[in-house]
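**Q** structure here, sequence nowhere to be found:
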């Protein structure tokens, strides 16, 4: 039996999952790759600290030199997360001609170009399936299966925490704050939930997927980003009434070489396949010019699902390790234009709180019209009270026009508040239609 | 620009799709694989025949020797279908050390072992993503992404024609015969619909997937197979009333080294992700011991979706062609036991037509009990008329017990007919639960 030594950087949730899979499925893995995979060392911050990890204590080290200096270790598996020191460790590993498997979305979203280039220059393998959507094989699907396609559109539910919160708010009619609290109690959300709730995590993942799908290097700060903390039960009720559900979608599109990338709460038709993706599940809907509509659905986080993707990558490295990665000059990343958010087009849900006076609706409608925003639905509720909700759904409109219209509407003395403005993704297609 | 020559065997739907994708997405493909792919020759039955194909006439040949004898052609793309002469052509190609991409499910289901072995022996690449579920990357997902998993269960809607018919019957309450006729008019079903309607096509695909998922070579005739032609609107109504939809499912399971494979109409909870896969769409639900629940959904047929998978495979061959396929002795197929159908377990829907006489229900219930079949629901409709429908849902039961019970029940003078017996797949889980 051939043996191969690997090292894990990190022994947290994902590291533990990888360890467990390598033990539980050992026979299967040997059968699939021909190697017995030995975890030779595991890097942790403090090897002396008492811990409940399932990994054996005698493999732990706090000194990266123990790992990088070990010539027998061929693959470095980075599952520690965060930018530094993960970046430093990965760069050192690549420079030492070790192959790298990483699950680090923040790192790849911010420094992917540098890391991928170094791996290429060093002729070693770099795999990162687990960095996006846990166990769902979307990276491989984009890199391999769909390479004969032009990817026209991607829409993903890429963050399990926010999907859990929105599912909760929709099913149990609770407020954002209560749903977040429950997500924290369930261990789905961190004590500081900003990265999930404000869409940073989904935007990291969209950055990685867009680079792959559109064959260019996009930057994290080119992704428009808006979180779910402003979504209220009232908006969810209006969505339901209008035939939609609200999801935090990561949307990437390419049209005539111009790319658009945005993460924001979105009204999506309740008959769209993504609308039924609930709780902490993730899913990615892809439209290619050959394959048509494709959706991948599964567990976007958790020790074993994410570990499944890491172990798949480790085996891919092992299968290819005796051959350098295929070098194709032509795959050099092409620069493409990013569409400014103001130029993007969609339909919009606009909810205003206004004083219930005659003529207000007319004035608002005229102001929308003045800015080229045409309306498809208007709902008014709460008649007779001093302030009422006015809800508008627009036809497909340029973002800048809607923003300017709303800005002017907000100067009206009768308009109390812009309660919410949510984009509507309206390829009204039901699953299978 | 490096060039590579390939040949297509067949210029029908899929062949035309492959041709179209290679032209439309040429720039993208060059960027992804570094090669300009030239279709050097296309094999057709009668090159002189007038045709409406989109492929250029001057590439056509009816003589396979023109292709096999052309040293410059490195990849043979078999998209003609059928067992012979496709098998002969593929074997000859492999013997000539040409790489092969095939979309031929019937061939692989019946002769996969021989073909895969020859490719291995010859050290050339053989890819067959398009043989199962068109554009959905399930072969690659099983072969690569999920290799760190033990696959415990697969459930697939693998035949678009029958899914279209069942969707039609469910949504529009039409009979099987009318729905089939419409499917034929829409071009979804063949003039002779047997292969689709009786489950042969789905069983071919399940054979291929099971060999991959369970790491063994299963044989087509080891798959239990039952079609949808006996499904009536009455059964669909009962399913709806009980919270189910009826789908033709291809089910593969492995438990403790014992494999079970069956294709049959199935009651599936309407909240299961597969229940919302409608019209001609396909989907495969996979449960791995690490990844958990995973579902892939998309177009299972059609020129461009199937062409997308073929082109993905062609590019995979090109990327790997200068290196022989990884040879792993340990991956040699392991023999596993196939569970006889009588030993499989599930819940059952049994619909009987009985004479409306006192005591009939009691006698039938006792006979079920005698054969260890316990009942979870009983529905009786049509009171007062001479014959009534009696519907039973059983608890989880061994197939042989149910069959024996029904056999004895059918000897009762009061029992007019076994109207239907349909298996119930009851992992009552909703999408995201």
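**A** Perfect, thanks for sending it. Just so you know, these numbers come straight off a predicted model, no measurement behind them.
**Q** which residues of the stretch 51-200 of chain A fall in strands?
**A** A:60-61, A:73-78, A:99-102, A:126-127, A:151-157 (DSSP state E, counting those that start in this stretch).
**Q** any chance of those in JSON lines, plus mean neighbour count and mean pLDDT?
**A** In this view, the C-beta of every residue, glycine as well, is placed from N, C-alpha and C. Below are the strands of the stretch 51-200 of chain A laid out as JSON lines (neighbours: other CB atoms under 10 Å in any protein chain shown; pLDDT from 0 to 100):
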{"stretch": "strand A:60-61", "mean neighbour count": "18", "mean pLDDT": "95"}
{"stretch": "strand A:73-78", "mean neighbour count": "24", "mean pLDDT": "98"}
{"stretch": "strand A:99-102", "mean neighbour count": "26", "mean pLDDT": "98"}
{"stretch": "strand A:126-127", "mean neighbour count": "24", "mean pLDDT": "97"}
{"stretch": "strand A:151-157", "mean neighbour count": "24", "mean pLDDT": "98"}
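**Q** nearest to residue A:215, of the ones you listed?
**A** Nearest to residue A:215 among those is strand A:151-157 (8.8 Å), distances taken as CB to CB.
**Q** need the contact list for residue A:188.
**A** A:160-161, A:164, A:280 (CB atoms under 8 Å, 6 or more residues apart in numbering or on different chains).
**Q** can you map out the helices along chain A?
**A** All helices of chain A, identified by DSSP state H, fall at A:13-24, A:26-33, A:64-68, A:86-95, A:105-122, A:138-140, A:160-172, A:176-185, A:194-197, A:200-214, A:233-241, A:303-320, A:360-370, A:399-409.
**Q** among the ones you listed, which is nearest chain B?
**A** Comparison of the helices of chain A against chain B by CB to the nearest CB identifies helix A:303-320 as nearest, at 3.0 Å.
**Q** and the closest one, anywhere near chain B?
**A** Yes: Helix A:303-320 is in contact with chain B by CB under 8 Å from any CB of the partner chain, via A:304-305, A:307-312, A:314-316, A:319-320.
**Q** pLDDT, neighbour count and distance to residue A:100 added to those residues, as CSV?
**A** Output for these, formatted as CSV (pLDDT from 0 to 100; neighbours: other CB atoms under 10 Å in any protein chain shown; distance: CB to CB, whole Å):
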residue, pLDDT, neighbour count, distance to residue A:100
A:304, 96, 25, 22
A:305, 96, 27, 21
A:307, 97, 29, 17
A:308, 97, 34, 18
A:309, 97, 35, 14
A:310, 98, 31, 11
A:311, 98, 32, 15
A:312, 97, 27, 15
A:314, 97, 26, 10
A:315, 96, 23, 15
A:316, 94, 20, 12
A:319, 91, 19, 16
A:320, 88, 17, 13
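**Q** so which of the contacts of residue A:188 would count as near chain B as well?
**A** residue A:280.
**Q** farthest-apart pair in the contacts of residue A:188, please.
**A** A:161 and A:280 (7.1 Å).
**Q** give me the residue from the stretch 1-150 of chain A nearest chain B.
**A** Counting by CB to the nearest CB, the stretch 1-150 of chain A gets nearest chain B through residue A:148, at 3.0 Å.
**Q** and the gap between that residue and residue B:22?
**A** 8 Å (CB to CB, to the nearest Å).
**Q** kindly report the same for residue A:288.
**A** Counting by CB to CB, the gap from residue A:288 to residue B:22 is 15 Å.
**Q** from what I see, residue A:95 and residue A:115 are in contact.
**A** No: look at residue A:95 against residue A:115 with CB atoms under 8 Å: they stay out of range, at 11.4 Å.
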